[in-house]
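Student: the following comprises the amino acid sequence and a computationally predicted model.
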Protein chains: 2
Amino acid sequence: MFEKITIIGCGLIGSSILRNINNNEISKSLTVFDKSKNVLETIKKENLCSNVSKDIQSAVKDSDLIILAIPLSSYKEVLLSTKDIFKKDAIITDTGSVKKEVNKIFENFNLTNISWIASHPIAGTEESGPSAGFKDLFKNRWTIICESKNSNKDKIEKLKKFWEFLGSNVKLMSIDEHDQILALTSHLPHAVAYNIVKTAISTDEKFRNEIIKYSAGGLRDFTRIASSDPLMWRDIFIDNSENIIKILDEFSKNIDDFKKAINEKNSDKLLKIFASTKNVRKEIIKAGQDVESPDFGRKKN
Amino acid sequence: MFEKITIIGCGLIGSSILRNINNNEISKSLTVFDKSKNVLETIKKENLCSNVSKDIQSAVKDSDLIILAIPLSSYKEVLLSTKDIFKKDAIITDTGSVKKEVNKIFENFNLTNISWIASHPIAGTEESGPSAGFKDLFKNRWTIICESKNSNKDKIEKLKKFWEFLGSNVKLMSIDEHDQILALTSHLPHAVAYNIVKTAISTDEKFRNEIIKYSAGGLRDFTRIASSDPLMWRDIFIDNSENIIKILDEFSKNIDDFKKAINEKNSDKLLKIFASTKNVRKEIIKAGQDVESPDFGRKKN
């Protein structure tokens, strides 16, 4: 399918791609670059790739598919040092969670001899780093692909097949649509999780120990989400701030309504909210995006 | 330890107690009452208890320990029909998530010949009903016990031993403290989860299918929490409205701060929030209230 694939950035996502396409027939050669010494040591120790580049230019050279699995705030720096090295007609893709701002960076570089096609595999855990990656991370998950000015149908089809090869379902959509939908399904929940945990620990400092102790009543599951990679999430919130602020405004209105309902002991209104949210869960399970009874790693028996 | 234990209400919590103390030496006899025909059928079908009472009075008669595992809004009705039947010196306890309002109900009945001692096992799943219960639900979880006017040390010690027998750690605290702490660790996360899901599905009706499809980015975990038993949660929010509204006000302030930070691209402020919430998670894992990598029922391999 490819002569050479290059993965730039070997954290949770990059290393999961690596673990999946290692030792198989999707590409004749496979090269990895990461600027972190710790990451490179892990790659060696876990024997994840025999071809680790010392500099980003040789990693990218002659590559047909270059995957940026790096923080959104690093794209510009990476493109600055690689833009003149890209092979003609190479596909450059990424795995980032927001598209509008990084697409602007690509447009400003005006790289006419390559195909920039954004990808976003909707997969991940709260962990980060190469040791957290696993082969089947993308299995049965969705990957969203967004066209750009200089992508063509053949290249999109090729990239689609790549993600399908990793086990993913693929959906094409516009950059605007992607950033709006992800603001709802991912950025809103994360923003709120950080703020719940912040509220719980700062409201009553005297209760801090108690809050840790009795967190099994709900809070602990939010702390899991609120322990995701800080740098990654800083970049997401800043890059998608416009959509997120709009949704947080809606959310705050709903919270105010909710306060009113419990203050007025409005049973009907509360039950109506709960019924509608219960239905969404049923639809998610039906769509294969969750199991009936996830055990959260806390086995019943 | 007891001559007769009675469990009133055999849903997730009641049936888990039942499954645990069935066929062992904690009590000579064990009786169950539930007003739902469906629940009674499940108890029979799953062979959970040989002694199912047809009326609540005979269930309670001669019992040394009566456990109310019913919605908060049913306490009054249950007490109305049982208050004259209680054995002298019996312990009446419960499993409810809010204490102040139900304690008022007990105080109004002025039952001087029994010991009312509130219990709250901090354990549960998003499921409800007797089939969802399991024997080890309370294992390594905390149970909070709150004294009342007419409880004495011996009775509290006896009830403490009962919960320890179920595998629970026990902590005594005041009713006020309980309701404040639970508002933070459980009621706030649930209130927010309902409102996140509501916001996600109502902001853009046109995106509904997309939101279901791409929910794996965070939303699905909130839909799990937001699918907990609606009646139970209506009662909790109404009974603890004062504490919850106070905390939701704090939470809204934090959300506003957060919006400001992402609007101003204030990297330092965002990273400071994320670092503090990451630390809370470490403390929770250290306190044995979660595992390092809960897999949420979604196996890696």
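Tutor: Perfect, thanks for sending it. Numbering: from 1, shown residues only, chains lettered A, B, ... in the order given.
Student: give the contact list for residue A:73.
Tutor: Residue A:73 makes contact with A:231, A:234, A:235, according to C-beta atoms under 8 Å, 6 or more residues apart in numbering or on different chains. Where C-beta positions appear, they are placed from N, C-alpha and C, glycine not excepted.
Student: secondary structure element holding the second one?
Tutor: Which is residue A:234. helix A:230-239 (DSSP states H and E).
Student: which strand or helix spans residue A:7?
Tutor: According to DSSP H and E, residue A:7 maps onto strand A:2-8.
Student: and that strand, what other elements does it pack with?
Tutor: When contacts are defined as 3 or more C-beta pairs under 8 Å, 6 or more residues apart in numbering or on different chains; DSSP states H and E, strand A:2-8 sits against helix A:12-21, strand A:27-33, helix A:56-60, strand A:65-68.
Student: what does it rub up against?
Tutor: A:14, A:17-18, A:21, A:26-34, A:53, A:56, A:59-60, A:62-70, A:78, A:162.
Student: on that earlier part again, need the contact partners of the helix holding residue A:234.
Tutor: Helix A:230-239 has contacts (C-beta under 8 Å, 6+ apart) with A:71-73, A:97-98, A:100-102, A:128, A:187, A:190-191, A:194, A:244, B:262, B:265, B:267, B:270-271, B:274-275, B:278.
Student: 6 Å instead?
Tutor: Under the contact criterion C-beta atoms under 6 Å, 6 or more residues apart in numbering or on different chains, helix A:230-239 has outside partners A:71, A:72, A:73, A:97, A:98, A:101, B:262, B:265, B:267, B:270, B:271, B:274.
Student: please state the mean pLDDT value computed over the helix or strand harbouring residue A:276.
Tutor: Residue A:276 belongs to helix A:267-286 when assigned by DSSP H and E. Mean pLDDT, helix A:267-286: 86.
Student: what does that helix rub up against?
Tutor: A:261, A:290, A:292, B:194, B:197-198, B:201, B:212, B:215, B:220, B:223, B:226-227, B:230, B:234.
Student: next one: stretch A:242-255
Tutor: With C-beta under 6 Å, 6+ apart as the test, stretch A:242-255 has contacts from A:179-180, A:183, A:187-188, B:195, B:198-199, B:203, B:248, B:252, B:255, B:259.
Student: so where is the stretch 151-300 of chain A shaky, pLDDT-wise?
Tutor: Applying pLDDT under 70 to the stretch 151-300 of chain A flags the ranges A:203-205, A:289, A:291-300.
Student: do a quick rundown of the strands in it.
Tutor: When secondary structure is read from DSSP state E, counting those that start in this stretch, the stretch 151-300 of chain A shows strands at A:169-172.
Student: let me know the outermost residue of chain A.
Tutor: Within chain A, the residue lying farthest from the chain centre (C-alpha atoms, centre = their mean) is residue A:264, at 40.4 Å.
Student: list the buried residues of the strand holding residue A:7.
Tutor: A:2, A:4, A:5, A:6, A:7, A:8 (16 or more other C-beta atoms under 10 Å in any protein chain shown).
Student: swap in stretch A:261-271?
Tutor: By neighbour count on 16+ other C-beta under 10 Å, the buried set for stretch A:261-271 is A:261, A:262, A:266, A:267, A:269, A:270.
Student: could you export the residues you listed as TSV, including distance to residue B:158?
Tutor: Output for the buried residues of stretch A:261-271, formatted as TSV (distance: C-beta to C-beta, whole Å):
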residue	distance to residue B:158
A:261	40
A:262	36
A:266	40
A:267	36
A:269	42
A:270	37
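Student: list the contacts for the residue nearest the centre of chain A?
Tutor: Nearest to the mean C-alpha position of chain A, by C-alpha atoms, centre = their mean, lies residue A:97 at 4.8 Å. By C-beta under 6 Å, 6+ apart, the residues touching residue A:97 are residue A:236.
Student: tell me how far it lies from residue A:36.
Tutor: Noted for residue A:97: a distance of 20 Å to residue A:36, by C-beta to C-beta, to the nearest Å.
Student: now do residue A:28
Tutor: Counting by C-beta to C-beta, the separation of residue A:28 from residue A:36 is 27 Å.
Student: what's the longest helix in chain A?
Tutor: Looking across chain A with DSSP state H, the single longest helix is helix A:241-263.
Student: angle of that one against helix B:230-239?
Tutor: 80 degrees (axes from the mean of the first three to the mean of the last three C-alpha atoms, to 10 degrees).
Student: relative to helix A:267-286, how tilted is helix A:241-263?
Tutor: Orientation of helix A:241-263 against helix A:267-286 (the same axes, to 10 degrees) gives an angle of 140 degrees.
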